[in-house]
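Student: Got a predicted structure here, sequence first:
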Amino acid sequence: MKNYFTLVALFLLGFTLNLKAQNKDGSSKVPDTLDVPYIKISGFEITGNKLTKPGILIRELDFKIGDTLATFKKGRGPNFSDRNFYPGDSSELRLRMQYSRENLINTKLFLHVDLSLKKISSKEYTLMIDVTERHYWWLFPIAKLNAPNFNEWLRDIQWSDLSMGLFFSHNNLFGLNHQTSIIALAGKSWAIAAGYKIPWIGKGKKVGLLMTAKYSNFYTVEYASVENKRQMLYAYNSTQEVKLGAKLTLRPGLYNYGTIHVTGDYIMVSDSLLKLDSNYLAGHKKVNTSISLYADYYYDNRNVKNYPLKGNLLRVFIDKVGLGLVSKDIDLFRYGIDFHFYQTIGKKWYVAEMVKAENSAGENAPYFYQLNMTQGKDFIRGFDLYTLKGDQMYFCRNNIKFELIKPNVKKVKEGEEKNKFKALQYAFYLNGFADAGYCVNKFTDVNPYNNKLLMSWGLGIDFVTYYDLVVRFEYAFTSIGTNGFFFGFGMPI
C-alpha cells in the first residue's frame, strides 16, 4: 500500500496476539471407506450462510451437482483389497473436494468452510457445506501518510503528517457478494472516493463489473529523483486528480480470468510543482486529461489468495495510457508478464518465487507516468528509501519460508469456536529471501542505480491473519552496501 495504512490493521494485530485460540479455515472430509469406484453427487445442503445466497457457493465448486466422481487414484484404478484412503491420496473425489473448499475460501466471504458427504446410497451422496460468514460491513478510521512511504515516515515521525478519515464498506450486499465502499480523508491531503462491485452478472455468471469515482488533493508529491533519492514537494494543493473507472472482469473458467479496465483521468498540478519540474506531466502542461485502457488475462489456481502456499499465477497484460479520445495529452503503451509460483517442499517448509517484466514503448515518459519499481506491488526488498523509475523494469522476488506458528483448532469458550472475532486465525512464517531487479531509464544519468542490476537478501517474519491482513517484518541487505529493518504490508510474493 503506497502511503496508506489503516488503524483497523493495528487493532487486529493487537487483538489477535491476545487470543487464547486459533481456528483453521476448515477442512474437506471424504469417507475413509468406499466400496465403489465412482459416486454421484446428487444434491447439496448448506448451513451457516445467514446472508449469502446458495448460488454464490455452488458456482465455486470444482464439479457440478449431478456429476460422477472417481473414488480411486487417477491412473491406477480401484483396488478393493485396500479400500481405505490416506492423507496423500489423490482420488478425483478427494482432490475436487479440496479444490472446491479452497475456491470458497478465496471468495473472501467466509472465515471457515467445511465440506463433507452424506450417504444416500452406496453410489449417491449429498454434498454438505458448512460455512462461517465473515463480518461483512466495516466502519473504521484510516490515515494517509503525507510522506513518501511508511518506512521513511518511521525514520522521522511527524504526527502532523497524517491525514485522517473514515472508511466504510459492505462486502456482501444482498447476499450476492456485491461490494460497496466509501472513503473520505481530510488534512494536509484530502480525498473522497466511492466504488461499487458486482462480481458476476448475466445468465452465465461469468462477467463482473466494478465502477469507481475518486477526487484527491495531495500535499506530498515526488516530482523528481537525484541519485535515486526522492525529490519531494510539500505544499497544499500540489496535485489535484479526478479519476473515473469502469472495469469488466471475465471468468470463462474456475481458474481463468480476464480484465478490461477503462479509466478517465484529469490531473492538475500547482504552479510551484510546474516550476520545479516542467516535465512532470506530458507536454510541459499544468493539466493532463486522458482516457486509458488496460486489459489482462491470467490463470490463478493459488490455494489461498491472500497468502498462498501452493499453486500458480500467470498474468499477461497491456496498458494503453491515452487513447486520444478526449485529448492527445499523453500517448503511452505498456505491456508485460507476471508469474508467481508456490510449492510445499517439506513439512512446514515452502518456497515462493515471482518474476515480472514490464516495458513502456515510446519516447521519454513524463515523470508522473514513468514505471516505478518502488511502489505498490512492484518492489525489491531493502530499497524502500530509494526511488527507481524508468521506461522498463524487470524484477524477481524469492522466498523460502518455515512455518513458525500454524493455525490450529483449539477451543475457546464453548460455542465461540466460529465467532467472527473471538476465533480469529493467525500464523507466523520465518522467511529467507533474495530479490533482484533492473530498472531501465535511457533518458537520465543522475540516478546511478538505474540501468544497473540490484540485489537484496535477508530474513523476515510474516504475520498472517483473517480479513486478508499480512504484516511483514524484514531485515534486508543490498548490493549497494545498505542494510536496515523495514515494515511491509501485504504478501511478499
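Tutor: Received the coordinates, thanks.

Student: any low-confidence regions in the chain?
Tutor: 1-25, 73-90, 407-425, 466-467 (pLDDT under 70).

Student: residue nearest the centroid of it?
Tutor: Asn306 (6.1 Å; CA atoms, centre = their mean).

Student: can you count the residues close to the closest residue to that one other than its chain neighbours?
Tutor: If the residues on either side of it in the chain are set aside, Asn306 comes closest to Asp468, at 4.1 Å by CB to CB, 6 or more residues apart in numbering. Bear in mind the C-beta positions are built from the backbone N, C-alpha and C, glycine included. Residues contacting Asp468 under the criterion other CB atoms under 10 Å number 13.

Student: Please shift the residue numbers so they start at 32 in all later answers.
Tutor: Sure thing, new numbering starts at 32, so read that last one as Asp499.

Student: coming back round to it: I figured the residue nearest to the centre of the chain hits Ala458, correct?
Tutor: No: in this structure Asn337 lies outside contact range of Ala458 using CB atoms under 8 Å: 11.5 Å.

Student: Secondary structure element holding the nearest residue to Tyr398 once chain neighbours are set aside?
Tutor: Distances taken as CB to CB, 6+ apart place Tyr311 nearest to Tyr398, at 5.1 Å, with adjacent residues excluded. When elements are assigned from DSSP states H and E, Tyr311 belongs to no helix and no strand.

Student: show me the contacts for Tyr311.
Tutor: Tyr254, Val300, Leu304, Leu305, Pro397, Tyr398, Phe399 (CB atoms under 8 Å, 6 or more residues apart in numbering).

Student: Next, give phi and psi for it.
Tutor: Per-residue torsions, Tyr311: phi -60, psi -40 (degrees, to the nearest 10).

Student: and if you look at Ile136?
Tutor: phi -60, psi -40.

Student: cool, Trp184 as well?
Tutor: Dihedral angles (degrees, to the nearest 10) for Trp184: phi -60, psi -40.

Student: Pull the number of nearby residues for the residue lying closest to Lys408 once chain neighbours are set aside.
Tutor: Distances taken as CB to CB, 6+ apart place Gly521 nearest to Lys408, at 7.2 Å, with adjacent residues excluded. Taking other CB under 10 Å as the criterion, the count of residues near Gly521 is 14.

Student: Can you give me the distance of Gly521 to Glu123?
Tutor: Using CB to CB, to the nearest Å, Gly521 is found at 35 Å from Glu123.

Student: Could you do Tyr297 as well?
Tutor: Distance from Tyr297 to Glu123, by CB to CB: 54 Å.

Student: and if you look at Ala507?
Tutor: For Ala507, the distance to Glu123 - CB to CB - is 44 Å.

Student: who's more crowded, those two?
Tutor: Remark: of Ala507 and Glu123, Ala507 carries more neighbours, 21 against 18, as counted by other CB under 10 Å.

Student: who does the host helix or strand of the more buried one pair up with?
Tutor: In this assignment (DSSP H and E), Ala507 forms part of strand 500-509. Using DSSP bridges, strand 500-509 pairs in its sheet with strand 485-496 (antiparallel), strand 514-520 (antiparallel).

Student: Export those as TSV, with columns for mean neighbour count.
Tutor: Below are the strands paired with strand 500-509 laid out as TSV (neighbours: other CB atoms under 10 Å):
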stretch	mean neighbour count
strand 485-496	19
strand 514-520	15
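
Student: What is the neighbour count of Ser147?
Tutor: Ser147: 17 neighbours (other CB under 10 Å).

Student: so it is in which element?
Tutor: Using DSSP H and E, Ser147 falls in strand 141-150.
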